[in-house]
Every structure is written in structure tokens, then in C-alpha cells.
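Student: Just need the structure, nothing else, for what follows:
(2 chains)
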Amino acid sequence: MNRYPLWKNATVLIALVLGLLYTLPNFFGEAPAVQVASVKSTHKVDAKLMAQVEEVLKSASITPQGIVLDLTSIRVRLADTDSQIKAKDVIEKALNPVAADASYSVALNLVSDSPNWLTGMHALPMYLGLDLRGGVHFLLQVDMKGALTKRLDSTGADLRSLLRDKNIRHSGITRDGQSVTIRFRDAETREKALVYLIDNQPDLQLVEAQDGENLKLVATLKPEAQKRIQAFAVKQNITTLHNRINELGVAEPVIQQQGADRIVVQLPGVQDTAKAKDILGRTATLEVRMVDDEASANPDIIERAARGQPPPGTEYFVERGGSPLLVKKQVVLTGERLTDAQPGFDSQTQEPAVHLSLDSAGARIFKDVTRESVGKRMAIVLIEKGKGEVVTAPVIRTEIGGGRVQISGRMSTVEANDVALLLRAGSLAAPMEIIEERTVGPSLGADNIAKGFSSTQWGFIAIAVFMSAYYLLFGVVSVFALSANLLFLIALLSLLQATLTLPGIAAVALTLGMAIDANVLINERIREELRGGNSPQAAITAGYERAWATILDSNITTLIAGVALLIFGSGPVRGFAVVHCLGILTSIFSSVVVSRALVNLIYGSRRKLASVSIGQVWKPGV
Amino acid sequence: MEFFRIRKDIPFMRHALVFNVISLITFLLAVFFLASRGLHLSVEFTGGTLIEVGYSQAPDLQQIRKQLEVDGFTDTQVQNFGSSRDVLIRVPLSKGAESSKVGDQVRASLEKVGTGGTVSGTAFELKRVEFVGPQVGKELAEDGALALLLVVIGIMLYLAMRFEWRFALSAIIANMHDVVIILGFFAFFQWEFSLPVLAAVLAVLGYSVNESVVVFDRVRETFKKRRGMTTPEVLNHAITSTISRTIITHGSTQMMVTSMLIFGGPALHYFALALTIGILFGIYSSVLVASPLVMWMGVSREQFIQPKVEKQEAVV
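Tutor: Predicted structure coming up:
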């Protein structure tokens, strides 16, 4: 007698029903949709906005198939791609009246077409990787040394302003590599400065030094401060990337930290990679520095500087559309002090301009500097991809207070918009470099799905035909177990929302091909027991029991390989490993428990079982 | 149906030496080709840029090559991928230049081919661009080696625990030699060794250890159940009684892999190829190489009986 207790049968049944439910969303396909998300923290996505979106669509006589509000976005489901594009345009126009100052990102997206009750129980379709749906993947490396250098530059400016406030006279502050040097004329002042700075700059390690006549204080960043700054740099960069990508209008972007100093960016569905890369890669930061007027007026020095030998402490630049000039390396103000940047026009000349707002510390520094340097020139340097450009170098006419600054100087309206966007989206705390890029077109993605699917399909059919022919009813049971395995695997992948990639589909196929091993082992064992003269019922029991140890051993060794791939794999290998490991786990359950339940159901209750349908059992010597 | 009607245990162990010599020769050949030709590593490992372009009509590869050369891309590989309308372009890493821009530059270059050359402007689409920086490639290679090491150690520990160190050692020797042979094939034919292929190789390692486990399981069982059989006889019996399962299982897996080879397209081609070689050699080595190794290492009945006796004594 082979019967399962009720709870075991119930477990199998429940597992099958759950598997079916969570696999279901994958069959419904996807519908075109428009996704609205907030770009600014002050603008919330709520029911009010949803009502507004509804209203807008109504007035444009577009009937949405459904509008869903979740924590961060509103998704409007539409009948076809034409109305999708139309809907996007009208929503965009209504929500963002000023294109340059968008509060919401409005993006085209696809949403699952499955009924709401399925979505309500978190039954979602599998999450497709970029190689299946098309899009761009970037791996960015954050330059940690650059983060420290940048911090030291702004520290230099802070020190200058601090010492000035306390009336401590110094004879120069410069950054040399990874340290800032403050020079003093006498030891007394240095002592005073040291005491004051230790209290006010807890991040700095201050060491007294002497260089001939000169008394110096050398400031370096403490190791723990370095660590903090670097961690902050990565976070800040991620935030900045978020802002920039929001302005690109991408649905469901992925921006994640990977390891200590790397950031992964995935933009599904983005086709214009050049634009995406441009926006991501642009590391625009702003620096305000003073122009060395004396040297710039000297043609000899300028000529030498143009050949790459500028006087020490200065850098050679050519003003946008203007003359060459020498700018001091000392940074007065960095982009970190910016709170806002808006494109606009100069109130007097009507030239396109960018209006900047500074925070309180920035405003104070700016006021001090402009007061002390009336009549001198100030250079506004925009640094992109490590290359600086002097946007404008106006003469300071009067002290500028209040922290409102305007940059104007031979910019077109488009350029003003771009500069404002880049500055507003936040500067990167450290330069970044793209170290890996993967772009997949949508046609290739669809192609990959089709190929992966048909390989699995035909392989499965071949195995099913063979098993049924060779083991007859037991073969059919094995095929049922294998289908259950596929069902569980897809349900699990959908439930976990693990990323399915092409290697992942290959792993599904391979796992199925390997999972049949357990059933072959069981069926062979049963045949062998029958050959040995056991009764059918005893043979079934013994077959399952004896095969179990072997199945466990062999699956564990396969699992070891899978886990190793999971730990060390990245990218495509990881996609393979996730599916492979999950598949091994589901296959143990389905090939042993599910198939046994079915066999029990068929044969278990028959007292006098003369034979079982497992194909011909050949006995030697007969 | 019953394919295998075997009356007596097949005396595999009588030919143990022959099997091992065959496998040793294959192994040495693989090592030789690996050393002399090396692996044709994909962009993922070497770093560089890979661009897949789909044309509406079959383009003239020679012209594409020429145009790329004119635009300063030396040492690029241009070849068909899958069909005559799909072109794969590989650009190695170049020092100094902004390597992440290569994709865009190549696109610009390809556009020129369409307009300036004799080929009438055929429309093309960038299907895929992959750029990998030098540091990533190096890491991937290191991670791959580490993963292999972890698999080997993990499997050996498990087998040593479940069975005996002799089984662990011979299974790992037999299956590592599979891995080397797969790599040898890739070196000999200069097939591209990419990350999915690496995944396939490691999966094969886990899979063919499977095979040894099934045979060893039988060996253990036979040692315990039947007295009076010599070690070679036990091994012969174990192999013979599992051979039917071995062939059917591998046949089924191979059906799936063959389907991948036929329907999977170029993206899965080498992956499926590595699996095919792995499965074929896996059967051979895990059965006909691992078992003789166990025998020569001196496996015997006592190793499976002793622990039980000790336990009883301890209780008494």
C-alpha cells in the first residue's frame, strides 16, 4: 500500500495551486502605459494628482484602461501605443508647464496586463533583464581620490574664511596633493590658528612644520573623515544620478551601489544611449576663482602659458568666445554651495543667463570676496569631464550680497538650459568613469526571448515524448513532475522578482534537462526491484526510498557549483546561477514528492496490484 | 521498451588501464592546445568594446573594415554573427582614448560606410553594444578562478564527508579533467570563451560529479550488501547496474542542450557547445576514469563496515 497522509497530499495540492497562481501573470502580457513620478521632494504623488491626471486625459478625450496609484508613481494603462504617446504629451504639458523646471517625470512604460486581483496578491510577471527587454546598463567607478581632492579644495576656501573672521593673518593657503598648507609669518599666530582650527575643523589632522624661514601648518584629512567622505561621495553621486535620470524620463531605472566604490545604472527601454551617456557622464561642477589680472595682462606670460608653462599657482584658460586668461588655482567657491540654478535672461542685456542661488555659507564667502576684490575679475569655471572652461569672467563692480549670482556670457538659450540643468541636478561629489556598458536593442531582446523560449519548449517536448514512450505511465508521471518543476520555478522567479536574463532562460532549460535525472533514477530503481521479484507495491516503495539518498547527494553537489557561481558570478553568470540554484531546489520537491503523490494516487490504493505500467521489465535468463 | 539487457556484469575494470590512458592522452592534448593556442577570451574578460549591428541587407564586411581603419580603429575584428546580415565588431581596449566612447564612434564610422562607399546606403541598427573596462575584465577572470576553486573544494569536502576521501579525490580528478578537456576544445577551435561558457563549465562540473556520486552510491551499497565480491567485481556491478540510468539521464539532458544548440541562436551557441562536450566527456570520465582511480587508491570493503563496528564497541 502506498498512500500519502492527508497533509502531504494537501501540501502538494497547495503548492501546485500557488505555483499556478503566481505563474499566471506571465501569460497576460503587457500593456502600454504612462508613468508619472515626482522629481522634487516637495511635489507628492497622491490621489489629488491622480484626479488631475484623470481630468487632463478626459479633456483630451483619451480613455485610459485603468489608473493605478502606488507609493511613488501613478501608472495610466492605455489601449495602444498611439494613445500612449498622446497621453504622455498631454500629461507632460499639464503637469510641467515650464519644461526646463519639471516637477514630475512623465515616462512611457509597460505594465502587466494581468487582472487586478492577481496584482493585488503580488503576483507579478517575471522581471526581465535588460538583455531581454532592451535598454542600457552602465557600471560606473567613482574616483575616490578625486572625492578627497575636491573636499580639500573646498576646505581651503573654508579655512581662508575662518581665519579671516578671527583676524588671524596668514601668508597663503594652498593645496598640495592630499594636504592643505597654511603659511604663517610668526609662531605666535600659528599657535593661535592651530588652537582655533582644532576646535572648528574636527575632520582635519593639523601638523606644524617648517620650511626654511616659513612656518607652516599642514592639514590632512583624518582617516575616519576620509572614509566618511568617500562613503558620502558615492551616496551623493547616486542621488545626483537619480536626479539626472529623472530628468531623462525613464520608467523604472535601477541605480544601485555595487561594492565600495561602484554604481550600477540600468535604464530599461532607453534607446538613445548617446544621450543617456552624455547626461550620466557629464560631471559638470562649478568653481568660482579669481583671475590673475596682472599676469593676464602680460602678453609674454600668456604666450608661455599657452605653451603649457603657466606661472605657478595659476591655470591657463580661454574664456568662452573671448581672450585667454590666467586663473588662480585657489578655489573661492565650489558648486556644493549651490542651492538652485535656473535658466533665464539678463535683465539689462537680455542675454541668456543662469541664475544661481547660494546657501548661507556660500553667500557669506561670496560677499567677502566681492567686497575685497572690487575692480578685479572673477572667473566662473564650469568643469566637465575633468576639463575646465571659463564661462565668463566679469569684472566685480560692487559687493554682492544675498547669495544671488547670475552667470551670463555668450551662451545660447539651449546652453543656458543645459548648464542650469546640470548644476541643479547637483554636482557629482567625485568624478566617475564608465567601466562597463551594455546596450541591447529592443529587437534583440524580443529575439532572445523567442529563442530561449523555443529551445526550452522543444527540449521539453523531446524529453516528454521519450520518457512517456520508455516508461509508459511512470514516464507520464515523470513528465507531470517535470512540468510541476517548471511551474514552481517560474512561480518562484515571479514571486521573488529575480531578474530573468538569457542565461537565466538557458538555466531553466538546463535545470529541466538535469531534473529528469531524479525520475530516471527512481524509475530505474523500481524496474530493478521488479526484476528482483518484488511485488509492485513493494517495488514502488523501495524504488522511491533507495533512490532518495542518491538524488540528494547528486543534487547537493550540483547545488555547490550553483552557489559558487552565485557568490562569484556577476552579470550574466549571476542570472544563470540564481535560476540554476532555485531550479535544483524545486526539482527535488517536484521529482520526489509530487511524482510520488501522483503514483500513490494511481496505484496506492489497489490492494491486489499485479503489474504497473513502467515499460517492459526484462529479466535475465527468461 | 528496455534498451539495456545485460546478463552479467560487464568487466569494465579489466580495461581500466586502457580507459585511463585514453583519457590521459586527451587530457595532455587539451593542455597542449591550451598552452600553445590559449583561449579566445571574450570582451568580458579582456576588456574592450563589442558591437553587434543588424543590417537590412547583407553588408560588405571588407568595406566596413576599411572604413574603420580609416577612422583610426586598428586591430578590430569584423565578422558575421549568426546570419550574413548581422555583423559583430570587436574593438580592443586602447590606451589613453576615452574607451567608453568607442561605441558611438564606431556607429559614426558605420554611417559613413553607408553613404560614401559603393554599397548603397543600407539601413542598420545597433543591436547590442558592450563595453568592458580593463579593471572589470581582470576581476571577472579572478572571480571565475575563485568560483572554480570553491566548487572543487566544496564538492571534495561534501564527498569526503558522505563517502570517503578516496571517492572525493578520484571524482574531482575525473571531473577536473573534463573541465580541462572542454577548455582544450575551446582552445583548439578558438571558440569564444565568454561568461556564459564559464557558467556552463562550472555547471558541468557539478553535473558530472553527479554521475560519479550515483556510481559511488552503488559501490557503497554493494560493498555493504554483498560479501565475497572483490573490489573490481563490486565496481563492475555498480557500473553495470547504473549504466541504463546513466545513458538515459545524459540522453535527456543532451536532448535539452541539443534543442538549445538548434533553437538558441548565436547567443547560446557556445554555451550549449560547452555543455555538449561536458556531458559527453562527463559520462566517460565519471564512470570509466573515476572508478578505476578509486580502485587503485585501494578502496575496500572494510572502509564501509568498520565505523559501525567501532560504534557498537563504544556502546558496549
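
Student: Any chance you could list what contacts stretch A:151-159?
Tutor: A:173-175, A:178-180, A:182, A:197, A:201, A:203-204, A:219, A:221, A:229, A:330-334, A:336, A:361, A:365 (C-beta atoms under 8 Å, 6 or more residues apart in numbering or on different chains). To be clear about C-beta, it is placed using only N, CA and C from the backbone, and glycine gets the same treatment.

Student: Mind checking which of those residues are buried?
Tutor: Among the contacts of stretch A:151-159, those scoring as buried are A:173, A:175, A:179-180, A:182, A:197, A:201, A:204, A:219, A:221, A:229, A:330-334, A:336, A:361, A:365 (criterion: 16 or more other C-beta atoms under 10 Å in any protein chain shown).

Student: Out of those residues, list just those in helices.
Tutor: Among the buried ones among the contacts of stretch A:151-159, the members falling in helices (DSSP state H) are A:197, A:229, A:361, A:365.

Student: Need those in CSV (columns: pLDDT).
Tutor: Below are those laid out as CSV (pLDDT from 0 to 100):
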residue, pLDDT
A:197, 85
A:229, 82
A:361, 80
A:365, 84
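
Student: Which members of the residues you listed define the maximum pairwise distance?
Tutor: Farthest pair in those (C-beta to C-beta) is A:229 and A:365. Separation: 20.2 Å.

Student: what bits of chain B have low per-residue confidence?
Tutor: B:1-2, B:95-100, B:114-122, B:305-316 (pLDDT under 70).

Student: That one: helices as residue ranges?
Tutor: B:16-36, B:43-46, B:61-70, B:102-116, B:134-162, B:165-189, B:195-225, B:231-263, B:265-284, B:290-296, B:302-315.

Student: Just send those back as TSV, with mean neighbour count too.
Tutor: As requested, the helices of chain B are arranged in TSV below (neighbours: other C-beta atoms under 10 Å in any protein chain shown):
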stretch	mean neighbour count
helix B:16-36	15
helix B:43-46	21
helix B:61-70	16
helix B:102-116	17
helix B:134-162	18
helix B:165-189	22
helix B:195-225	25
helix B:231-263	22
helix B:265-284	22
helix B:290-296	22
helix B:302-315	10
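
Student: Of all those helices, which one is nearest residue A:45?
Tutor: Per C-beta to C-beta, nearest to residue A:45 of those: helix B:102-116, 35.0 Å.

Student: what angle separates the closest one from helix B:61-70?
Tutor: When axes from the mean of the first three to the mean of the last three C-alpha atoms, to 10 degrees is applied, the directions of helix B:102-116 and helix B:61-70 differ by 120 degrees.

Student: how far out from the middle of the chain is helix B:102-116?
Tutor: Relative to its parent chain, helix B:102-116 has a centroid offset of 37 Å by C-alpha atoms, centre = their mean, to the nearest Å.

Student: In PDB, could you pull the C-alpha coordinates for whichever helix or strand residue A:158 is part of?
Tutor: Secondary structure assigned from DSSP states H and E places residue A:158 in helix A:144-165. What follows is helix A:144-165, C-alpha atoms only, in PDB (Å, rounded to 0.1, in the frame of the first residue of the first chain):
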ATOM      1  CA  MET A 144      37.700  58.200  -4.500                       C
ATOM      2  CA  LYS A 145      40.900  60.100  -4.700                       C
ATOM      3  CA  GLY A 146      39.100  62.800  -6.600                       C
ATOM      4  CA  ALA A 147      36.500  63.000  -3.900                       C
ATOM      5  CA  LEU A 148      39.200  63.800  -1.300                       C
ATOM      6  CA  THR A 149      40.900  66.300  -3.600                       C
ATOM      7  CA  LYS A 150      37.600  68.100  -4.100                       C
ATOM      8  CA  ARG A 151      36.900  68.200  -0.400                       C
ATOM      9  CA  LEU A 152      40.300  69.600   0.300                       C
ATOM     10  CA  ASP A 153      39.800  72.300  -2.300                       C
ATOM     11  CA  SER A 154      36.600  73.500  -0.500                       C
ATOM     12  CA  THR A 155      38.400  73.100   2.900                       C
ATOM     13  CA  GLY A 156      41.000  75.500   1.700                       C
ATOM     14  CA  ALA A 157      38.300  78.100   1.000                       C
ATOM     15  CA  ASP A 158      36.700  77.400   4.400                       C
ATOM     16  CA  LEU A 159      40.000  77.900   6.200                       C
ATOM     17  CA  ARG A 160      40.600  81.100   4.500                       C
ATOM     18  CA  SER A 161      37.200  82.500   5.500                       C
ATOM     19  CA  LEU A 162      37.500  81.100   9.100                       C
ATOM     20  CA  LEU A 163      40.900  82.700   9.600                       C
ATOM     21  CA  ARG A 164      39.700  86.000   8.200                       C
ATOM     22  CA  ASP A 165      36.800  86.100  10.500                       C
END
